[in-house]
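Okay, structure incoming, though there's no sequence with it:
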C-alpha cells in the first residue's frame with residue numbers, strides 16, 4: 001500500500017485549487033459537496049466556476065496562486081493543465097507543507113483523490129493507487145447500484161439515536177439492533193411512510209430490544225482452510241464478521257485473522273506437536289466461558305475442523321453447557337495439497353480409497369494398518385508427519401512397500417511460501433530432515449506431482465522401446 005486511506009476533517013477549513021478549466025471543474029464538483037471553504041486561483045475561469053463564485057459557494061481570485069495563498073490550507077489541487085504551472089503549484093505546496101494533488105499526475109502528487117460513492121454521511125472511497133482508474137469507476141458504479149439512495153437519511157436518523165442505543169450492552173446485542181435497523185426496519189419504514197416514519201420506527205425497535213431477553217451465546221466451529229484467505233468459505237467469512245471472540249489455533253494465518261472485526265477479542269489457543277500447547281481442557285473452558293457471557297464465539301481451526309481438529313471434545317463441552325453451536329467446514333490440507341501438485345486423491349484404476357492419517361497422537365507416533373498401506377496403488381495423506389517420517393518409512397518398508405513408491409511433501413499448501421518436495425519411500429528420510437521444514441506439511445504416500453509422474457512414464461516407455 002503506497003497511499004494510506006484517511007478521511008480528513010475539512011469542515012470550515014480551506015481547500016485551494018489552482019486553475020479554472022475543465023480539470024478544475026471536475027475537482028470542484030466533488031469538493032463542493034464538502035463543507036470546506038473553497039478558493040480558486042485562475043486568471044481565466046469557466047462560466048460554471050464564475051457562477052459558483054457568484055452564488056457564494058466558492059471564492060474566485062483572478063490571478064495565479066502564490067505561496068501566501070497556501071498558508072493555512074488543508075489541501076491544494078493543481079489543475080492548471082499546464083506542466084510548468086502544475087510544477088509551480090507542487091513546489092509552493094511543498095514549501096508551505098500543504099498536501100497537494102496534481103490532476104492526472106500521480107508521481108508529483110502528495111495524495112490522490114479516490115473514486116467516491118456519496119451517501120452522505122456514508123462515503124465509500126475506492127482507490128487503485130492510480131493503476132486502474134477505469135476499474136475504480138466500475139467498482140463505484142456497482143456500489144452505487146447496490147447502496148440505496150435512502151442510506152444517507154437512514155444513517156443520519158441512526159446517528160441521532162446513538163446515545164440512546166448505548167443503553168444496550170456493548171457487543172452482540174447492540175450490533176443486532178443496528179443490523180436490524182439498517183437491513184429491514186429502517187428501509188421498510190422509509191418505503192411505507194417516507195422520512196417522517198423512520199425515527200418512530202427506530203424508537204420502537206430500540207424499545208423492543210431493550211425489553212427483549214438477553215442474547216444467548218453461540219459457538220461456530222469454523223474451518224479456516226489451508227491458509228489462503230481466498231479459500232475461506234463465504235459462511236466462514238460471515239462467522240468471522242459477526243464474532244465477538246475468535247479463539248484460533250497455531251496454524252491459522254494472520255491474513256485470515258485480519259478478516260475478523262477489529263473489535264473482536266482474538267485469543268491464541270495454539271498447539272504444537274511435541275512442543276508448547278494450550279491444554280485441551282483449558283480451551284474447552286475458554287470457549288464455554290465466553291459463550292456463557294452471551295458472546296458469539298468463533299473457534300477457528302486451520303483446514304477443516306472435522307479432520308484431526310479435536311472437534312468432538314470441544315463440541316461435547318459446549319453441549320454439556322447447553323450452548324448452541326454450528327460447524328462450518330473448511331478446505332482440509334489434503335485437498336489443498338493435492339491441488340497444488342495437480343493430482344486427485346482418488347483415481348479410477350489407481351485407488352478407490354484414500355487414507356487420511358496422523359503422524360502422531362497423544363501417545364506419540366501413531367500406529368496404522370501398515371500392511372494395507374504398503375500395498376501397490378494405495379494412497380495416504382499423512383497430517384503432522386514431519387517428526388514421524390523415519391517411523392513411517394520404517395513401518396512401510398518393514399511391511400513390504402516398494403522402496404520406489406513416490407512420496408510428495410507439500411509445505412504451506414496454498415500459501416505464498418508453498419514448497420513441494422518429491423522423493424520416494426526409500427529416501428523420505430533423510431530428505432525430510434534435510435529440507436528443514438518449518439511450516440505445516442502434508443505427506444502423500446503413493447502420489448507424485450503430475451509433471452513428475454509424466455516424466456517417470458516417459459522414461460519407462462523409452463526403456464521398453
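Perfect, I can see it now. Here the structure is a predicted model, which means the values were calculated and not measured.

so where's the stretch 101-250 of the chain uncertain?
Residue ranges of the stretch 101-250 of the chain with pLDDT under 70: none are present.

I'd guessed residue 248 sits against residue 268; true?
Yes - using Cβ atoms under 8 Å, residue 248 makes contact with residue 268 at a distance of 6.4 Å. C-beta coordinates here come from the backbone N, C-alpha and C atoms, glycine included.

Which one's more surrounded, these two?
residue 248 (22 against 12; other Cβ atoms under 10 Å).

Please enumerate the strands of the stretch 251-400 of the chain.
Ranges of strands in the stretch 251-400 of the chain, per DSSP state E, counting those that start in this stretch, are 265-268, 296-301, 324-328, 355-358, 360-361, 364-365, 380-383.

Of all those, which one is nearest residue 53?
Of all the strands of the stretch 251-400 of the chain, strand 265-268 sits nearest to residue 53, with 52.9 Å by Cβ to Cβ.

domain parsing for this structure?
14-113, 151-211, 218-331, 334-457 (automatic domain parsing).

Helices of the stretch 51-200 of the chain, start to end?
Assigned by DSSP state H, counting those that start in this stretch, the helices in the stretch 51-200 of the chain fall at 67-70, 83-96, 133-146, 151-160, 162-165, 172-180, 186-193, 195-211.

Quick check: the gap between the residue nearest to residue 232 when sequence neighbours are not counted and residue 336.
Once flanking residues are discounted, residue 232 sits nearest to residue 225: 5.4 Å by Cβ to Cβ, 6 or more residues apart in numbering. For residue 225, the distance to residue 336 equals 7 Å [Cβ to Cβ, to the nearest Å].

neighbour-wise, which of those two wins?
residue 225 (28 against 23).

Figure out which of the strands of the stretch 251-400 of the chain is closest to residue 147.
strand 296-301 (26.0 Å).

what comes into contact with the closest one?
172, 217-224, 239-240, 242-249, 252, 256-257, 260, 287, 290-291, 305, 309, 311, 314, 330 (Cβ atoms under 8 Å, 6 or more residues apart in numbering).

ok, now which ones touch residue 28?
Residues near residue 28 by Cβ under 8 Å, 6+ apart: 17, 38, 40, 49, 52, 58.

Look at the first one and say how many residues are nearby.
Look at residue 17: counted by other Cβ under 10 Å, it has 29 neighbours.

ditto for the last one
Number of residues near residue 58 (other Cβ under 10 Å) recorded here: 19.

and if you look at the fifth one?
Around residue 52 sit 21 other residues, with neighbours defined as other Cβ under 10 Å.

hmm, back to that, among the contacts of strand 296-301, which ones are in helices?
Counting by DSSP state H, those place 172, 239, 240, 242, 256, 257, 287, 290, 291, 311, 314 in helices.

and which of the residues you listed is nearest to residue 321?
For the ones in helices among the contacts of strand 296-301, the nearest to residue 321 is residue 291 (7.1 Å; Cβ to Cβ).

so that closest one sits right up against residue 322, yeah?
No - between residue 291 and residue 322 there is no contact under Cβ under 8 Å: 9.7 Å.

Tell me which of those two has more neighbours.
Shown here are residue 291 and residue 322; by other Cβ under 10 Å, residue 291 has more neighbours (25 against 11).

residue contacts, that one?
Counting by Cβ under 8 Å, 6+ apart, the residues that residue 291 touches are 217, 218, 219, 297, 318, 321, 323.

Just the buried subset of the ones in helices among the contacts of strand 296-301, please.
With burial judged by 16 or more other Cβ atoms under 10 Å, the buried subset of the ones in helices among the contacts of strand 296-301 is 172, 239, 240, 242, 256, 257, 287, 290, 291, 311, 314.

so which two of those are the farthest from each other?
The largest separation in these, counting by Cβ to Cβ, is between 172 and 311 at 23.6 Å.

Just give me the residue closest to the centre of the chain.
When Cα atoms, centre = their mean is applied to the chain, the residue found nearest the centroid is residue 259 (4.1 Å).

Could you check how far it is from residue 266?
For residue 259, the distance to residue 266 equals 11 Å [Cβ to Cβ].

Same check on residue 205?
According to Cβ to Cβ, residue 205 stands 31 Å off from residue 266.

which of those two has more neighbours?
Using other Cβ under 10 Å as the criterion, residue 205 and residue 266 rank with residue 205 on top: 20 against 17.

Residue 182 is in contact with that one, correct?
No - applying Cβ under 8 Å, one finds residue 205 not in contact with residue 182, separated by 10.8 Å.

Just the endpoints, please. Distance across stretch 340-355?
18 Å (Cα to Cα, to the nearest Å).

I meant stretch 237-249, not that one.
17 Å.

Relative to the whole chain's centre, how far out is that stretch?
12 Å (Cα atoms, centre = their mean, to the nearest Å).

now do stretch 393-407
The answer for stretch 393-407 is 42 Å, by Cα atoms, centre = their mean.

again with stretch 136-145
The answer for stretch 136-145 is 20 Å, by Cα atoms, centre = their mean.
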